[in-house]
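I need the structure of the sequence given here:
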Amino acid sequence: MAEGILNAAPADPPRKNALGKAGKLARLVLSVFDPRAWLHLFKIVNYYNYTHVQPLRRMKIGAAAGISPDAVFSNPERIEIGDRARIGSRCHIWAGPRDGRVIIGDDVLFGPEVMLTAATYDFNNGSPVTDQPMREADIVIGNDVWLATRAVVLPGTTIGDGAIIAAGAVVKGDIPAMAIVAGSPARVVSMRCIA
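All right, here's what the predicted structure looks like:
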């Protein structure tokens, strides 16, 4: 009997309700005059200002660097971006709140949604985690490095010149020059050869 119920076709399959012209106009008017939408817009502008616009004025940025307009920065006075570096869409670059620096070399390429953080919370000194002291360590990225989509670089990482960090890799520690690393935790899977 259960088999017959599973295979039975619904009498009237669900359909999306289509709005007519009057319904679409009413929806438009109501959304334009909804104060909650305008309040949310102000929140978005504020967020964009303190995570992108203001930090760009306080960071050290090299010549001809290209930074996506939706990249996010924290503690920008401790961030340096080299010449001709390319920072992709929705990247997050967070220096430490006290002294953890992020130093990015020349000709570095970040794919979308790359995350660098020079600080992390301790977690064994009580609860909640957000009340724990932070541990900070510099991140140093050499020249001609490519960090692919959604790579994560943790505090205390040094990436040598010419290295490639695969998509989704989680990197901590020292990465040799010209190494290709992948995985979580990231491991050297190959070496780059330049003809």
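
three-state assignment of residue 80?
strand (DSSP: H, G, I helix; E, B strand; the rest coil).

state the distance from residue 62 to residue 86.
Distance of residue 62 to residue 86, computed by CB to CB, to the nearest Å: 11 Å. For every residue, glycine as well, the C-beta is placed using N, CA and C.

same question for residue 54.
22 Å.

these two: who's more crowded?
Neighbour totals were compared for residue 54 and residue 86, and residue 86 leads with 17 against 13 (other CB atoms under 10 Å).

among the helices and strands of this structure, which has the poorest mean pLDDT?
Ranked by mean pLDDT, DSSP states H and E, the weakest helix or strand in the chain is helix 2-7, scoring a mean of 59.

check which element follows it along the chain.
Downstream of helix 2-7, the first helix or strand assigned by DSSP states H and E is helix 21-32.

what residues does that next one touch?
With CB atoms under 8 Å, 6 or more residues apart in numbering as the test, helix 21-32 has contacts from 19, 37.

what's downstream of it, the next helix or strand?
helix 35-48.

list the contacts of that next one.
Contact partners of helix 35-48, identified using CB under 8 Å, 6+ apart, comprise residue 31.

okay, angle between that helix and helix 21-32 too, please.
Angle of helix 35-48 versus helix 21-32, following axes from the mean of the first three to the mean of the last three CA atoms, to 10 degrees, is 50 degrees.

what residues sit buried inside helix 35-48?
For helix 35-48, the buried set under the neighbour-count rule, 16 or more other CB atoms under 10 Å, is empty.

now do the helix or strand that that helix is followed by: which elements does it pack against?
Counting by DSSP H and E, the next helix or strand C-terminal to helix 35-48 is helix 54-58. Applying 3 or more CB pairs under 8 Å, 6 or more residues apart in numbering; DSSP states H and E, we find helix 54-58 packed against strand 72-74.

now do the strand it packs on: which elements does it pack against?
Counting contacts by 3+ CB pairs under 8 Å, 6+ apart, strand 72-74 packs against helix 54-58, strand 92-94.

gap between it and the chain center?
Distance, stretch centre to chain centre, for strand 72-74: 9 Å (CA atoms, centre = their mean, to the nearest Å).

contacts for that strand next, please.
For strand 72-74, using CB under 8 Å, 6+ apart, the contacting residues are 51-52, 55-56, 59, 79, 90-95.
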